[in-house]
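K.L.:
below is the sequence, then the predicted model.
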Amino acid sequence: MIGIPSAFSSSYAEARTKLLEAAAAAGLPIESHAHPLKGRDGEDLAMDVVLDGPADAKKLLIVSSACHGVEGYCGSGVQVFALHDQEWRDKARAARVATLYIHALNPYGFSHVRRFTHENVDLNRNFQDFSQPLPVNKAYREVQPLLLPEQWPPSAENAAARQQYIDTHGEAAWQAAISQGQHEFPQGVFFGGTEPTWSNRTLRQVLRQHGANASRIAWIDLHTGLGPSGHGERIYAGKDDADSVARARAWWDGGGATPVTSIYDGSSTSAFLTGLMWNSVYDECPHAETTGIAMEYGTVPVLEVMDAIRAEQWLNLHPEAPAEQHAQIKAQMLAAFYTDTDVWKGQIVSQARQSMFQAVDGLAR
């Protein structure tokens, strides 16, 4: 067994090492998909995949991390702890459930303390049908001039204009306008791209390979940045289908103690989003019944999160920024998505573990 704080890491390189060592110690096969670029410290980057259970299992639980790069500081800790957790592993195996850990969906963002990929794309807005006209986010078009001013910190005029928008439309409207996803401004934030990213293509390959024999798939994708600090919100991740939503709620609501929210009925802290990653499992594993959630852990207030994303994107566009400012913005970004305290880490692991046990019970029904 490993102590909860020890499962977490202070860099992508450390997190990857812990994940690979945990898999090796458990005698599990490791599959690494090399990323074309290097990490912040010159390290190799990869989407690493570990399967715990038989390759031909009919019931498959996917636990994935770092869809949004920097959020991998949280998700990786959950995965590393799970690989050391014999009670959890025995539980899944007794139910004939294979667990597929996908570590660092966006390894570049994880390493470089970015939310977005090396293509400057929000991976969880990139799963569109690019042969069709892409969604237009008119609200983002309206706020775009406010998001990335020439100077950082923003001028008093910019700050006043931002506050005016929030006072007029509300905090939720500001969040929704920015985070919904957009395909018009490649240098903006929450850009969904105009073609599939490396992470998109690689994930699809993983799903085709490991989901080929599964008749039932559960997917828990680990996220941070929304909601009260340390609280893990279970957000339904799937099609707007009443039966699928009901099934997710039956599996994960804990008799009402751990409710499953949804972007479709307005119950989630997340805005309505487009191009979401869960689209891929329907495309690549159409033969399987799929049930999924995003585990969304709170860190700091949402306006602070949004401002951290703005600052980091400004930095990405201004590599000439002084080293001191660079360090300050990266620290701000990390703090927006990862709370480096033992208490917070304990909350993360206990809730993730609970959701994984719930998923196995659901798959076993």
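P.N.:
Looks like it arrived, so ask away. Quick caveat: nothing in here was measured; it's all calculated off a predicted structure. Numbers count the residues shown, from 1 in each chain.
K.L.:
which neighbouring elements make contact with the lengthiest strand in the chain?
P.N.:
Identified as the longest strand of the chain according to DSSP state E is strand 216-229. Under the contact criterion of 3 or more C-beta pairs under 8 Å, 6 or more residues apart in numbering; DSSP states H and E, strand 216-229 touches strand 59-64, helix 72-84, strand 289-298, helix 302-317, helix 323-337, helix 342-364. Any C-beta I mention is one placed from the backbone N, CA and C, and that applies to glycine too.
K.L.:
what angle separates the fourth one from helix 323-337?
P.N.:
In terms of direction (axes from the mean of the first three to the mean of the last three C-alpha atoms, to 10 degrees), helix 302-317 departs from helix 323-337 by 140 degrees.
K.L.:
what angle do helix 302-317 and strand 289-298 make?
P.N.:
Going by the same axes, to 10 degrees, helix 302-317 makes 90 degrees with strand 289-298.
K.L.:
so what does helix 302-317 touch, helix or strand wise?
P.N.:
helix 171-179, strand 216-229, helix 323-337.
K.L.:
so can I have TSV of these showing mean pLDDT and distance to residue 162?
P.N.:
TSV is the format used below for those (pLDDT from 0 to 100; distance: least, C-beta to C-beta, whole Å):
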stretch	mean pLDDT	distance to residue 162
helix 171-179	94	8
strand 216-229	98	19
helix 323-337	98	17
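K.L.:
now do the contacts for residue 246.
P.N.:
The contact partners of residue 246, taken as C-beta atoms under 8 Å, 6 or more residues apart in numbering, number zero.
K.L.:
from here on, count from 3
P.N.:
With the count now opening at 3, the last piece we talked about shows up as residue 248.
K.L.:
so what does it look like in phi/psi?
P.N.:
phi -60, psi -40 (degrees, to the nearest 10).
K.L.:
returning to that earlier point: list just the one of the helices and strands packed on strand 218-231 that sits closest to residue 252.
P.N.:
Each of the helices and strands packed on strand 218-231 has some distance to residue 252 by C-beta to C-beta; the shortest is helix 344-366, at 7.2 Å.
K.L.:
next one: that closest one to chain centre, how far?
P.N.:
Distance of helix 344-366 from its chain centroid, counting by C-alpha atoms, centre = their mean, to the nearest Å, is 16 Å.
K.L.:
rewinding a little: and the helices and strands packed on strand 218-231, which is most packed in?
P.N.:
Among those, helix 74-86 has the highest mean neighbour count (mean count of other C-beta atoms under 10 Å), at a mean of 26.
K.L.:
tell me the mean pLDDT for that helix?
P.N.:
Computed over helix 74-86, the mean pLDDT rounds to 98.
K.L.:
what is the next helix-or-strand element following that helix packed up against?
P.N.:
Heading C-terminal from helix 74-86, the first helix or strand you meet, by DSSP states H and E, is helix 88-96. Helices and strands touching helix 88-96, by 3+ C-beta pairs under 8 Å, 6+ apart, are strand 46-54, helix 74-86, strand 99-105, helix 344-366.
K.L.:
please redo it, this time with the cut-off set to 7 Å
P.N.:
Here helix 88-96 touches helix 344-366, going by 3 or more C-beta pairs under 7 Å, 6 or more residues apart in numbering; DSSP states H and E.
K.L.:
could I get the average pLDDT for the helix it packs on?
P.N.:
98.
K.L.:
what residues does that helix touch?
P.N.:
6-7, 10, 61, 63, 65, 76, 79-80, 83-84, 90, 93-94, 97, 99, 218, 220, 222, 224, 231-232, 234, 236, 253-254, 256, 293, 297, 299 (C-beta atoms under 7 Å, 6 or more residues apart in numbering).
K.L.:
follow-up on the earlier one: out of the helices and strands packed on strand 218-231, which gets nearest to residue 23?
P.N.:
helix 74-86 (8.7 Å).
K.L.:
using CSV, list the CA coordinates for the closest one.
P.N.:
Presented in CSV, the C-alpha positions along helix 74-86 are these (Å, rounded to 0.1, in the frame of the first residue of the first chain):
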residue,chain,number,x,y,z
GLY,A,74,-3.4,15.4,-14.4
TYR,A,75,-1.7,16.4,-11.1
CYS,A,76,-4.9,15.3,-9.5
GLY,A,77,-5.9,12.4,-11.8
SER,A,78,-2.5,10.8,-11.9
GLY,A,79,-2.5,10.6,-8.1
VAL,A,80,-5.8,8.7,-8.2
GLN,A,81,-4.5,6.3,-10.7
VAL,A,82,-1.2,5.6,-8.9
PHE,A,83,-3.0,5.1,-5.6
ALA,A,84,-5.5,2.7,-7.3
LEU,A,85,-2.7,0.5,-8.7
HIS,A,86,-1.3,0.1,-5.2
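K.L.:
now the angle from it to strand 218-231?
P.N.:
Using the same axes, to 10 degrees: helix 74-86 against strand 218-231 is 130 degrees.
K.L.:
partner strands of the helix or strand following the longest strand of the chain, with direction?
P.N.:
Downstream of strand 218-231, the first helix or strand assigned by DSSP H and E is strand 234-238. Paired neighbours of strand 234-238 in the sheet (DSSP bridges): strand 262-263 (parallel), strand 291-300 (antiparallel).
K.L.:
next SSE after the shortest one?
P.N.:
Once strand 262-263 ends, the next helix or strand along the chain (criterion: DSSP H and E) is helix 281-286.
K.L.:
name the residues that touch that next one?
P.N.:
Counting by C-beta under 7 Å, 6+ apart, residues outside helix 281-286 touching it are 129, 205-206, 209-210, 213, 219, 221, 241, 292.
K.L.:
pull out the CA atoms of it and give them to me as PDB.
P.N.:
Provided in PDB are the C-alpha atoms of helix 281-286 (Å, rounded to 0.1, in the frame of the first residue of the first chain):
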ATOM      1  CA  ASN A 281     -18.200  11.000 -28.200                       C
ATOM      2  CA  SER A 282     -15.200   8.900 -29.100                       C
ATOM      3  CA  VAL A 283     -16.400   5.700 -27.200                       C
ATOM      4  CA  TYR A 284     -19.700   5.700 -29.200                       C
ATOM      5  CA  ASP A 285     -17.700   6.000 -32.400                       C
ATOM      6  CA  GLU A 286     -15.000   3.400 -31.600                       C
END
